[in-house]
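# Let's see this in three dimensions:
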Amino acid sequence: MGPLIFLSVQYFPMLQLNLATIFYLVVATALWAGNAIAGRLLVGSVSPITLSAVRWALAALLLLPLGWRIFKPSSALWQNKTRFLLLGLFGVGSYNVLLYLALQTSTPINVTLIGASMPIWMLLIGALFYKVRPTFLQLIGAVVSLLGVTVVLTRGEIFTLVSMEWVVGDLLIMLATILWAFYSWMLSRPGKSTERQWPWADFLMAQVLVGLLWTVFFDGFEIAGGYAYLNLNIFTASLILFVAIGPSLIAYRCWGLGVSGAGPTVAAFFANLIPLFTALLSAAMLREPPKLYHGLAFGLIVTGILVSSTKARVSEVRAP
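Prediction:
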């Protein structure tokens, strides 16, 4: 990845990203790829909504020593409670609940492919709700990057898409992707909020706290229906600890910084690295070497990122 970043800076002078922004977005996507693997490994050991609730409860406890000021009556959270109810619902409270639920009925290839449509939704939401018209290069980049994702998911046999079956889980992950696109735009367009002056831990704690409340609310239905279960051992506890620290605290912090530096539209293209990282991590865990199509997909995805990033942030506002 290092030489690739060097080349992107050296030979794409109009690229509107710096190394720090690229680093934040790559770290976030790599950790979320790890979350997908951990989620699959925990199927049968933890029910989906309970897994999300335990994950965010643990994340909140770990973040509490740094973000405790958010609980003070004078905290800005209470002056922006409506905004954070939406941020917590879209970014923390719903996405992973819907993802874990989708994996119960849908196949990993369907879920990841639909999630890879995020750049398209990001462009549509930006145009419809935030009056940010997509550029021609962003549209081209979306197509190229999505093609790279398709190459990974079909193992280089794109025509297998014709035989794919669609189930309820596919609709759930589609809804999750749309809500995440709204979440990212809200991060970039704070409106009258003063989050730019907040300590980062306070801002993240506010999202985690409200998202946890939403998740517990959803978990109540799983418990009431008798579908909740949690089987703890060293292996499952280690995986839960990982998703509470890496994909939750570190990834969300990096994503916020990445969206701040790149804007929501360009950041969405980096999300297409998630299925590639997932494929590579799965191959490493199974001791299988990367295939030729992995390299082809990587090239297509990165090309889409580079093309879409060129002059892409002219009309976007920096986030907190």
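
# Number of residues surrounding residue 136?
8 (other C-beta atoms under 10 Å). For the C-beta atoms, the positions are set from N, CA and C on the backbone; glycine is no exception.

# Identify the residue nearest residue 27 in space, chain neighbours excluded?
Nearest residue to residue 27 in three dimensions, chain neighbours excluded: residue 254, at 4.7 Å (C-beta to C-beta, 6 or more residues apart in numbering).

# Hmm, residue 20 and that neighbour touching each other?
No. Contact between residue 254 and residue 20 fails when scored by C-beta atoms under 8 Å: they sit 10.2 Å apart.

# Let me see the contact set for the residue nearest to residue 27.
Residue 254 makes contact with 24-25, 27-28, 31 under the criterion C-beta atoms under 8 Å, 6 or more residues apart in numbering.

# swap the cut-off to 6 Å and go again
24, 27-28 (C-beta atoms under 6 Å, 6 or more residues apart in numbering).

# element containing it, please.
In the assignment (DSSP states H and E), residue 254 maps to helix 251-262.

# List the buried residues for that helix?
251-262 (16 or more other C-beta atoms under 10 Å).

# Mean confidence (pLDDT) on the helix or strand following it, please.
Next along the chain after helix 251-262, taking DSSP H and E as the criterion, comes helix 264-270. Taken as a whole, helix 264-270 has a mean pLDDT of 75.

# Now do helix 264-270: distance to the chain's middle.
Offset of helix 264-270 from its chain centre (C-alpha atoms, centre = their mean, to the nearest Å): 10 Å.

# Next, the buried residues of the helix or strand following it.
Downstream of helix 264-270, the first helix or strand assigned by DSSP H and E is helix 273-285. By 16+ other C-beta under 10 Å, the buried positions in helix 273-285 come out as 273-280.

# Which residues in the lengthiest helix in the chain does the neighbour count mark as buried?
Ranked by residue count under DSSP state H, the longest helix found in the chain is helix 200-224. Under the neighbour-count criterion of 16+ other C-beta under 10 Å, helix 200-224 has 201-212, 214-216, 218-219, 222 buried.

# Show me what that helix is packed against.
Under the contact definition 3 or more C-beta pairs under 6 Å, 6 or more residues apart in numbering; DSSP states H and E, helix 200-224 sits against helix 48-67, helix 81-87.

# ok, now with 10 Å
helix 48-67, helix 81-87, helix 95-105, helix 168-188, helix 251-262 (3 or more C-beta pairs under 10 Å, 6 or more residues apart in numbering; DSSP states H and E).

# Out of the buried residues of helix 273-285, which is nearest to residue 178?
residue 274 (16.5 Å; C-beta to C-beta).

# what sits against that closest one?
28-36, 112, 115-116, 118, 149, 301 (C-beta atoms under 10 Å, 6 or more residues apart in numbering).

# how about 7 Å then?
Residue 274 is in contact with 29, 32-33, counting by C-beta atoms under 7 Å, 6 or more residues apart in numbering.

# so where's the stretch 101-250 of the chain shaky on pLDDT?
107-110, 112-113, 149, 152-166, 189-196 (pLDDT under 70).

# 80 instead, please
The stretch 101-250 of the chain contains residues with pLDDT under 80 at 103-120, 132-139, 141-170, 187-197.

# Surely residue 282 is in contact with residue 34?
No. Residue 282 lies out of contact with residue 34 (C-beta atoms under 7 Å); the separation is 10.5 Å.

# From residue 89, how far out is residue 221?
Going from residue 221 to residue 89 by C-beta to C-beta, to the nearest Å gives 15 Å.
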